[in-house]
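[1] Give me coordinates for this.
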Amino acid sequence: GNQSVKFSELKNELRLQFLLLAVLVGLASALFTYAVNFAEWIFHRLFAFNPIAMYFYTPLVFVATVFLLKKYFPYSDGSGLPQGYAVDVFDEERLRKTYSIRAAVGKVILTFMSISAGASLGKEGPTIQICSSLFAQLRDISDGKRRLLIKLGAGVGVAAAFNTPIGGMIFAVEEYVKKISPHIATLLVGATLLAVFSSNMILGHQPYLGVVNPQNLVHTWHITGIALLIGAICGLGGALFTQLMVFMSVNKTWVVNRWRKQHYLLNALIFGLVVALIGNLTHGLSFGNGSSSTMHFLDSGENAPWYYASGKFFGAIASVSAGVPGGYFSTALSIGAGVGDLIHHIIPSVPLAQFYLLGMAGFLAAITQSPITAVAMVVEMSDSSQFSLPILLSCFVASLIAEQFGDSVYHQQVLNYIDPKRYKETL
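    Residues are numbered from 1 along each chain as shown. All right, here's what the predicted structure looks like:
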């Protein structure tokens with residue numbers, strides 16, 4: 001197929017253009033991170049100033065965001081991750097529009113708006129679409145090569161967004177590229193290296209979730225039972241999350257969903273109110289993707305409140321239902337951390353950090369059904385390689401259970417972008 005692009009054709013791309021683009025992608029990802037952090041800061045200032053005002057502020061900004069999305073940036077919708085599975089199915093025009101500079105700019109503006117309004121979403125899915133769009137701009141290359149670069153761009157986007165070079169490359173291979181030749185692997189390593197390096201020059205080189213104290217990761221074989229339990233709960237929770245997310249964002253047959261599609265501004269208003277309500281009930285913890293609060297719990301060894309997992313869970317579903325763009329890759333990590341924390345109350349003798357890591361990896365594995373990526377990312381973003389076997393076990397169980405309930409949420413969301421008859425081709 002078009003993946004076996006010969007190296008001789010790629011040689012000319014390996015030159016300056018491609019490498020400059022990789023640096024640009026890293027810089028874009030870093031600046032987008034700053035923008036999203038600023039959006040979260042704006043929101044938390046407003047929330048601290050007047051929590052009740054969110055019942056007006058969040059729905060209004062959601063409505064404005066969806067209005068701009070429908071009118072000016074129709075290709076900037078959703079997470080940005082599912083579109084990647086449709087790269088080989090899209091015709092050239094659709095591909096160009098989904099990965100255009102316009103779609104990327106729209107993604108930046110609209111994700112900024114939805115996060116500044118308190119959506120429980122993050123920057124990771126959008127970073128993927130933004131980075132892929134930059135790679136898609138390479139001139140004078142064949143259509144097959146452009147599709148390959150878009151897929152590689154997705155991995156580079158994940159790597160830069162989380163400062164996880166290994167996790168990002170694995171993600172690209174496990175999810176998008178599938179068959180990989182040594183030459184494509186070299187391209188991926190080179191692009192990841194440059195993008196993460198340039199993004200770290202701006203953001204600094206700290207792991208995404210900080211560094212866990214190694215003493216808190218010392219474990220005996222007793223951890224097996226805990227990993228099995230957390231993996232199982234994450235598998236079931238992730239399957240439920242997937243079903244609800246797909247029902248709210250993909251299903252077109254239910255009469256209420258048909259109404260929501262027609263009256264999308266009213267829908268944004270209603271779910272904006274729901275997001276504000278969940279946020280007020282959880283004292284503001286459900287807002288945002290939770291990476292800063294999760295990092296705080298993980299590194300300080302504090303217990304998260306009992307409602308942390310459910311607040312993030314329903315906050316993310318309500319935000320996506322509102323129709324505002326944003327990813328929930330990072331939100332999944334926060335939900336998983338909350339799940340781990342709940343189990344810790346039953347077995348308080350084992351260090352809390354271990355529960356957080358098992359939960360984060362398990363829930364990510366359950367919703368993406370990419371257990372290899374989940375292991376690599378969680379180990380890499382918390383600097384906890386000595387704990388990788390328990391994390392493997394949690395991911396294995398979670399992924400195994402979630403698979404019984406259907407394809408991953410990202411795969412099913414492809415149905416929003418393609419003819420359902422071609423769905424099989426995206427798997």
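
[2] residues contacting the most centrally placed residue in the chain?
    Centroid-nearest residue in the chain: residue 329, 2.5 Å away (criterion: C-alpha atoms, centre = their mean). Residue 329 makes contact with 79, 81, 122, 124, 125, 158, 364, 368, according to C-beta atoms under 8 Å, 6 or more residues apart in numbering. No exception for glycine: its C-beta is placed from N, CA and C like everyone else's.

[3] Quickly name whichever of those residues is closest to residue 138.
    residue 158 (19.7 Å; C-beta to C-beta).

[4] hang on, the earlier thing: out of the contacts of residue 329, which one sits closest to residue 416?
    residue 79 (10.3 Å).

[5] for that closest one, helix, strand, or coil?
    The three-state assignment at residue 79 reads coil, by DSSP: H, G, I helix; E, B strand; the rest coil.

[6] Could you tell me how many residues sit around residue 227?
    If you count neighbours by other C-beta atoms under 10 Å, residue 227 ends up with 28.

[7] Now it: which helix or strand?
    Using DSSP states H and E, residue 227 sits within helix 223-249.

[8] what about the nearest residue to residue 81 once chain neighbours are set aside, distance to residue 161?
    Take residue 81 and drop its neighbours on the chain: the residue closest to it by C-beta to C-beta, 6 or more residues apart in numbering is residue 125, 4.3 Å away. Plainly put, residue 125 is 9 Å away from residue 161 if you go by C-beta to C-beta, to the nearest Å.

[9] Check residue 178 too.
    22 Å.

[10] And residue 250, by the same measure?
    Counting by C-beta to C-beta, the gap from residue 250 to residue 161 is 24 Å.

[11] more crowded one of the two?
    Neighbour count, other C-beta under 10 Å: between residue 250 and residue 161, residue 161 has more, with 29 against 16.

[12] Setting the sequence-adjacent residues aside, check what's closest to the more buried one.
    Per C-beta to C-beta, 6+ apart, closest to residue 161 is residue 127, 4.1 Å.

[13] What about that neighbour? Give its phi and psi, please.
    When read as degrees, to the nearest 10, the backbone of residue 127 gives phi -60, psi -40.

[14] how about it, what does it touch?
    Here residue 127 is in contact with 29, 32, 80, 157, 158, 160, 161, 327 (C-beta under 8 Å, 6+ apart).

[15] Could you find the closest non-adjacent residue to the first one?
    With C-beta to C-beta, 6+ apart as the measure, residue 160 is the residue that lies nearest to residue 29, at 3.7 Å, once sequence neighbours are left out.

[16] What are the buried residues along the helix or strand where that neighbour lies?
    Assigned by DSSP H and E, residue 160 belongs to helix 143-162. Within helix 143-162, the residues that count as buried by 16 or more other C-beta atoms under 10 Å are 145-162.

[17] Helix or strand: which one has residue 418?
    Using DSSP H and E, residue 418 sits in no helix or strand.

[18] Give me the neighbour count for it.
    18.

[19] what's the spacing between it and residue 98?
    11 Å.

[20] now swap in residue 421 and tell me
    19 Å.

[21] do the same with residue 381
    28 Å.
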